[in-house]
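**Student:** sequence first, predicted coordinates after that:
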Amino acid sequence: MKSRKFNNIQLGLFVLAGLLFLVLGLYFIGKNENLFGPSFRLKTEFKNVGGLVPGNNVLYAGIQVGTVKKVVLVNDTLVEVTMVINENVRPHIQKNAIASIGTDGFIGNRILNIQPGKGFSQPVEEYDVIASKSVISTDDMLETLAVSNRNLEVITENLKTTIHRINNSSGLWELLDDQSLPKNIRQSADNIRLTTEKSKDFITDLQSVITDVKNGKGSLGAILTDTSIALQLNQALQKINKVGENADDLANEIRSITTGIKKDLNEGKGIANSLLKD
């Protein structure tokens, strides 16, 4: 009799514990689904949700504020996501907020992030559609990493070929083994340094000459700065031009005289013509 009563007590405790766990489970599930508190719904649209499913968490500024209620494929380029958000965060979410899909950790579950937008806007209302942006997914990162690995493989192979050619190049090793090479390089560096110093001295002298010319020193400076010399040069050029004009007149007169003499010699009847023609 006592054994049967003890078994009934154990069965009752077990049933009460099961009911307690059931109530707690329903409470936590309902808390995540916002069944036991006021809530409102928001919508957003993506081209690709990347594995987002109903029940995934919704975070606003890094804080969990709701869950994904429904994911609906509208057409071949548009997916509509409906979220259930706690009512107490409605004043903080504005109409210019931006939704994006992220990951809980590196390879964890998908989550929906809501970030505040720029500037000031009105708080969201029931069933408002907020903007969305695409982020780099893990698949895109892995694909980019795969391309980088292939390129790295090609670079490594080319580097291996280059090193093999260097190792088999007798001319290069002879050049590196040449003991006179450091001396020649050092001598070339000394020559370059000497040339640089001479160039510096030349530039200094040239600057000095230019300064003297600007200050009217020397013949070139006097010519360039003295206005009287310029006037004299101008007069000399005028005289040269005048001499040139007189020379042209003289040349014309000599040409005329020569023509007359030639004509007299060829056609005249004087003594000169008789002496030259007879």
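**Tutor:** That came through, no problem. What you see is a predicted model; the values in this text were computed from it and never measured.

**Student:** just the helices from the stretch 101-250 of the chain, written as ranges.
**Tutor:** 138-167, 170-177, 181-214, 218-225, 227-267 (DSSP state H, counting those that start in this stretch).

**Student:** hey, least reliable of the ones you listed by pLDDT?
**Tutor:** Among the helices of the stretch 101-250 of the chain, helix 218-225 carries the lowest mean pLDDT, at a mean of 63.

**Student:** name the helices or strands packed onto the longest strand anywhere in the chain?
**Tutor:** What stands out as the longest strand in the chain, according to DSSP state E, is strand 63-75. The helices and strands touching strand 63-75, judged by 3 or more Cβ pairs under 8 Å, 6 or more residues apart in numbering; DSSP states H and E, are strand 39-46, strand 57-60, strand 78-86. C-beta coordinates here come from the backbone N, C-alpha and C atoms, glycine included.

**Student:** partner strands of that strand and their direction?
**Tutor:** strand 57-60 (antiparallel), strand 78-86 (antiparallel) (DSSP bridges).

**Student:** columns distance to residue 199, mean pLDDT and mean neighbour count on top of the ones you listed, output as JSON lines?
**Tutor:** Shown next, in JSON lines, are those (distance: least, Cβ to Cβ, whole Å; pLDDT from 0 to 100; neighbours: other Cβ atoms under 10 Å):
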{"stretch": "strand 57-60", "distance to residue 199": "68", "mean pLDDT": "90", "mean neighbour count": "20"}
{"stretch": "strand 78-86", "distance to residue 199": "71", "mean pLDDT": "91", "mean neighbour count": "19"}
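
**Student:** so which of those gets nearest residue 180?
**Tutor:** Using Cβ to Cβ as the measure, strand 57-60 is the one of these that comes nearest residue 180, at 71.3 Å.

**Student:** not counting the closest one itself, show me its contacts.
**Tutor:** Residues outside strand 57-60 that contact it (Cβ atoms under 8 Å, 6 or more residues apart in numbering): 32, 64-68, 83-85, 89, 92-93, 97, 102, 104, 109, 111-115.

**Student:** what of stretch 63-77?
**Tutor:** Against stretch 63-77 from outside (Cβ under 8 Å, 6+ apart): 32-34, 39, 41, 45, 47, 49, 52-59, 79-86, 89, 112, 114.

**Student:** hmm, residue 96 and residue 117 touching each other?
**Tutor:** Yes - counting by Cβ atoms under 8 Å, residue 117 touches residue 96, with 3.2 Å between them.

**Student:** lovely, talk soon.
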